[in-house]
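J.: Below is the structure, and that's it, no one-letter string:
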């Protein structure tokens, strides 16, 4: 609805996914979408912009951090409550110099900001990077309801202090404006994003 093509790979979806391979899969998906823009038989022929971003939540956020190591054509990265993994997303962030947006929930007890998002943000080499902490926000409320995530969050504290709907609205607004500014060079969206902060 905001003018972006979104690709959701479903690889490495088992109990013990390879974080390294999933990071490569994200880069592969972007490469294939760009290639389809050059394919006259594709419904995407001539419709794929040159700029692209990788995004993700939790483990997906970690993979988004790992993605640029596998594709130099990734222009931006946005992550929601990324988790430290193996290979280390914190270490990978130290080699990432593209624009980056890191969003954390202040009440995230699954991937606490002090041991996950803040070290990743601090390691980023990007000149253009933003860290947002959603007051009262939790880990699982960064996305739609998911039983396994909710069960994990139920076993720790603190509890969220805002509703899922409120948190999702904040995330959607921040990410949408940030992506428009980064990928479409939309100055008005960039100013709106800065004002929101």
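T.: Here it is on my side, so go on. Values in this document were obtained by computation on a predicted structure and should not be read as measured data.

J.: Next SSE downstream of the helix-or-strand element of the chain with minimal mean pLDDT?
T.: When each helix and strand of the chain is scored by mean pLDDT, DSSP states H and E, helix 147-154 comes last, with a mean of 75. As assigned by DSSP states H and E, the chain's next helix or strand after helix 147-154 is helix 164-184.

J.: Can you list the low-confidence ranges for the protein?
T.: Residues of the chain that meet the criterion pLDDT under 70 lie in 69-71.

J.: Return the residues in contact with residue 48.
T.: By C-beta atoms under 8 Å, 6 or more residues apart in numbering, the contact set of residue 48 is 5, 33-34, 36-37. All C-beta atoms are positioned from the backbone trio N, CA, C, and that covers glycine.

J.: Go again with 6 Å.
T.: 33-34, 37 (C-beta atoms under 6 Å, 6 or more residues apart in numbering).

J.: Now do it against residue 29, distance only.
T.: Distance, residue 48 to residue 29, by C-beta to C-beta, to the nearest Å: 12 Å.

J.: Give the buried residues for stretch 47-57.
T.: Neighbour-count burial for stretch 47-57, counted by 16 or more other C-beta atoms under 10 Å, picks out 48, 52-57.

J.: what do you get for stretch 179-197?
T.: Buried residues in stretch 179-197 (16+ other C-beta under 10 Å): 179-183, 186, 189-190, 192-193.
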